[in-house]
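predicted coordinates and the sequence they were generated for:
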Amino acid sequence: MKNRKPMSADTLYRIFIFVALITFAITIIVPVGWVFLASIKENSEFYQNPWSMPKGFYFQNFIDAFNKANMGAYLLNSVLATAMGLAILLVVALPAAYVLSRYRFRGRKLINVAFMGGLFINVNYIVVPIFLMLVDGNKGLGSLMEALHVEEGSPLFNLLDGFLLNNLFILALIYASTALPFTIYLLSSYFQTLPKAYEEAAYVDGSGYFNTMVKIIIPMAKPSIITVILFNFLSFWNEYIISMTLMSSTKAPRTLPVGLLNLMQAQQSAAQYGTMYAGLVLVMLPTLILYICVQRQLTQGMTVGGLKG
């Protein structure tokens, strides 16, 4: 028999990567699949064998989670907060990233360093200072209304009283503010890879700076923008700490992750496991649908940026 040649280091490395990827995929796919299967089980099936396949499709779990557990209202609140946060973020980040990447002006390096520093700040560590600032802001609004003799119960009083807390718009504004460093860094890095010849041709044809950015640069940066939208959508949609802190009132519009925690606590004590898993599906499903819709653009944005960089 011929002696077999020992496997090379490159082959062993490929095998290791292959096994590691399969292991990571299993650790993600199995729990997600388990949640989806558990969400369509009747409650009695969990007492028999929780690992068995569902006997049928019990859609009542989703109805109970959506209506009785108020997951429908929580879902709408999350959609509004995420959509407003993304809109505010793109309106601010796109022009800022374009200016920082394409123009030279005094103070540019200092601004870039400030945004780079923001990348290393975990937003969870500054939630309490943000909360205290908003509390002081509400006190300031109260003092202002008192100085202006705004009558209690008037429309203006009802609008401004406690305006900075338990407010979806303020929550979305905080989301956008905390995501600015990462978003501007990613977009400006991509803008720097784009040839300046397109802009110069537009200027020759009489196009202004804003018109050039909107009609030429932004369409060219579409893959990178989609990547930014997806990453920030996942961050805003799944965010829990900020929402729980800034929407602390019992009458505040809760977002889906905060509502899901309340649902899990209530359903565990009531042993309604099917409804609890249905709530988990309602949280995961929008992110999965969004990823399926934009996965091609996401891959293109990451690979093109890497090749040009």
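That came through, no problem. Small disclaimer: the values here were computed from a predicted structure and weren't measured.

the closest residue to Leu165 other than its chain neighbours: neighbouring residues, count only.
Leaving aside its sequence neighbours, Leu165 sits nearest to Leu134 (C-beta to C-beta, 6 or more residues apart in numbering; 5.4 Å). Bear in mind the C-beta positions are built from the backbone N, C-alpha and C, glycine included. Residues near Leu134, counting by other C-beta atoms under 10 Å, number 20.

repeat for Lys196
Residues near Lys196, counting by other C-beta under 10 Å: 8.

separation between it and Arg102?
8 Å (C-beta to C-beta, to the nearest Å).

cool, Asn238 as well?
In terms of C-beta to C-beta, Asn238 sits 33 Å off from Arg102.

how far does stretch 178-185 sit from its chain's centre?
For stretch 178-185, the separation from the chain centroid amounts to 12 Å (computed by C-alpha atoms, centre = their mean, to the nearest Å).

so which residues of the stretch 101-250 of the chain form helices?
Residue ranges of the helices in the stretch 101-250 of the chain, as given by DSSP state H, counting those that start in this stretch, are 108-118, 127-147, 155-160, 168-191, 197-204, 209-212, 218-220, 222-238, 241-246.

of these, which is nearest Ser39?
Distance to Ser39, taken as C-beta to C-beta, is lowest for helix 222-238 among those, at 18.1 Å.

what bits of this protein have low per-residue confidence?
1-7, 50, 265-271, 297-309 (pLDDT under 70).

what sits against Leu86?
By C-beta atoms under 8 Å, 6 or more residues apart in numbering, the contact list for Leu86 reads 176, 229, 232-233, 236.

top of these by neighbour count?
Phe236 (25 neighbours).

does it touch Ala83 like I think?
No. If you go by C-beta atoms under 8 Å, Phe236 and Ala83 don't touch, sitting 9.0 Å apart.

residues contacting stretch 131-148, please?
156-157, 160-165, 170, 245-246.

rerun that using 10 Å as the cut-off
126, 150-152, 154, 156-157, 159-167, 170, 174, 242, 245-246, 248 (C-beta atoms under 10 Å, 6 or more residues apart in numbering).

for PyMOL, what selects the buried ones among those residues?
Buried subset of the contacts of stretch 131-148, written as a PyMOL selection, criterion 16 or more other C-beta atoms under 10 Å:
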select buried, resi 150+160+162+163+164+165+166+167+170+174+242+245+246
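
contacts only, for Met247.
Counting by C-beta under 10 Å, 6+ apart, the residues that Met247 touches are 77, 81, 165-168, 170-171, 253-255, 258.

any chance of the residues you listed in a markdown table with distance to Tyr190 as columns?
Converted to a markdown table, the contacts of Met247 look like this (distance: C-beta to C-beta, whole Å):
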| residue | distance to Tyr190 |
| --- | --- |
| Asn77 | 32 |
| Ala81 | 27 |
| Leu165 | 36 |
| Asn166 | 37 |
| Asn167 | 33 |
| Leu168 | 30 |
| Ile170 | 30 |
| Leu171 | 28 |
| Pro253 | 35 |
| Arg254 | 36 |
| Thr255 | 30 |
| Val258 | 34 |
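
thinking again about what came up before, overlap of the contact sets of Phe236 and Ala83?
Ala172.

burial count for Val258?
22.

so who does it touch?
Here Val258 is in contact with 74, 77-78, 239-241, 243-245, 247-248, 252 (criterion: C-beta under 10 Å, 6+ apart).

returning to what we had before: with respect to Leu37, which of the contacts of Leu86 is nearest?
Phe233 (25.9 Å).

quick one, phi/psi of Ser154?
Backbone torsions of Ser154, given as degrees, to the nearest 10, read phi -70, psi 160.

try Thr27
According to degrees, to the nearest 10, Thr27 has phi -70, psi -20.

with adjacent residues omitted, what lies nearest to Gly259?
In space, Gly259 is closest to Tyr74, 3.3 Å off (C-beta to C-beta, 6+ apart).

what are the buried residues along whichever strand or helix holds the one you found?
Applying DSSP states H and E as the criterion places Tyr74 in helix 71-102. Neighbour-count burial for helix 71-102 flags 71, 74-75, 77-78, 80-82, 84-86, 88-90, 92-94, 96-102 (criterion: 16+ other C-beta under 10 Å).
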